[in-house]
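> Next one to model:
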Amino acid sequence: MSESPRHRVIALINQKGGVGKTTTAVNLGAGLAELGSRVLMIDLDPQAHLTYHVGIDPAAIDQSVYDVLMDPDVDVASVIQPISDRLFVLPSEVNLTGAETELVNEPDRQKRLKSRLRPIVDQYDYVLIDCPPSLGLLSLNALTLASEVIVPMQAHFLPLQGLSKLLETVQAVRQNMNPALQVTGVVLCVHDAQTRLAAEVIDDLKRFFEASRPMAMPWSNAVVFDPPIRRNIKVAECPSFGQTIFQYAPHCPGATDYRQLTASIHGVPAAAPAPPPPVEASQPTPDASADPVPPQIVVNPTETSDASTDQSPLAASD
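Residues are numbered from 1 along each chain as shown. Here you go, the predicted model:
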């Protein structure tokens, strides 16, 4: 097994909620730790769903990522919580809701996370940032710190629409603050392969990325990761037990899919899983004959070139 690349910082982002972003962040982090990598997960969402998912009660912690962002005297290493020997989390809590308002007039408002984590980020093979479901200052801080973007999404009409705006934001961040930022790919979550709509969305995504190959865009080398993460009740259940899918149901279809996703991102073949127990019966799928054809993805990079006005959260820092 080859060693993982050092110091990959990946933002998992989608401005639409409920698409599997936090679930993917947690299980990707756990999968990478299983492969021997040292992984830090940053919960940058005020809802603190990643924090809950790994079994930490935000009300029971003394400090969180909010304190790291807002108090320069806080030692970030002391806020990080160990989940296992190789898996760690920088937790969130509800006070993070106020960070966007408190940061808005600060000259380093988009770079605060990067400056605070600079002393410790190279201690990890992977840093995974679970972004909030918005494109505000917290997400911009994540994109300024990250070197890569992974977009968890469902193969539905509305998430496909939102991807265009997200890619424009990534392009603006690369132009203004982080020239190394690139989109690694899209992870399809809660996936139902039996619908025509899902197949059409995947086809649109692949054609869009393929057409971008000759261009110098952040997503020119992006892929649609295969296999998608299938709809699986075990994946939905495990957060209520404070466990990853590998702890809760290591042989279920969701665990198999996340192992293969982890191997794809890590760049090594997936290990053959142990023989699974009988697979739960799949739910009947509605007839897809009337599914609408999703639109093509259209991204206009010229719209991002003026993103450095003082009124915009993308305003260049002093």
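> and stretch 222-230, how far apart are its ends?
21 Å (Cα to Cα, to the nearest Å).
> just the helices in this structure please.
Remark: helices assigned in the chain by DSSP state H are 21-34, 49-53, 65-70, 76-79, 99-103, 112-117, 137-145, 157-176, 196-211, 233-237, 245-248, 253-266.
> got a list of contacts for the fifth one?
In this case it means helix 99-103. Identification of contacts with helix 99-103 by Cβ atoms under 8 Å, 6 or more residues apart in numbering yields Pro46, Tyr66, Leu69, Met70, Arg109, Arg112, Gly136, Leu137, Leu138. For the C-beta atoms, the positions are set from N, CA and C on the backbone; glycine is no exception.
> re earlier: okay, the helices of the chain in CSV with mean neighbour count and distance to Tyr124 next?
Listed next are the helices of the chain as CSV, based on neighbours: other Cβ atoms under 10 Å; distance: least, Cβ to Cβ, whole Å:
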stretch, mean neighbour count, distance to Tyr124
helix 21-34, 26, 10
helix 49-53, 24, 16
helix 65-70, 23, 15
helix 76-79, 15, 12
helix 99-103, 17, 23
helix 112-117, 22, 10
helix 137-145, 26, 12
helix 157-176, 20, 22
helix 196-211, 17, 28
helix 233-237, 17, 25
helix 245-248, 20, 19
helix 253-266, 22, 14
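> can you list those helices in JSON lines and add mean pLDDT?
Shown next, in JSON lines, are these (pLDDT from 0 to 100):
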{"stretch": "helix 21-34", "mean pLDDT": "96"}
{"stretch": "helix 49-53", "mean pLDDT": "96"}
{"stretch": "helix 65-70", "mean pLDDT": "96"}
{"stretch": "helix 76-79", "mean pLDDT": "96"}
{"stretch": "helix 99-103", "mean pLDDT": "91"}
{"stretch": "helix 112-117", "mean pLDDT": "96"}
{"stretch": "helix 137-145", "mean pLDDT": "96"}
{"stretch": "helix 157-176", "mean pLDDT": "87"}
{"stretch": "helix 196-211", "mean pLDDT": "87"}
{"stretch": "helix 233-237", "mean pLDDT": "93"}
{"stretch": "helix 245-248", "mean pLDDT": "94"}
{"stretch": "helix 253-266", "mean pLDDT": "93"}
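> about what we covered before: quickly check the contacts of helix 99-103 for the two that are furthest apart.
Spatially, the most separated pair among the contacts of helix 99-103 is Pro46 and Arg109, at 16.6 Å (Cβ to Cβ).
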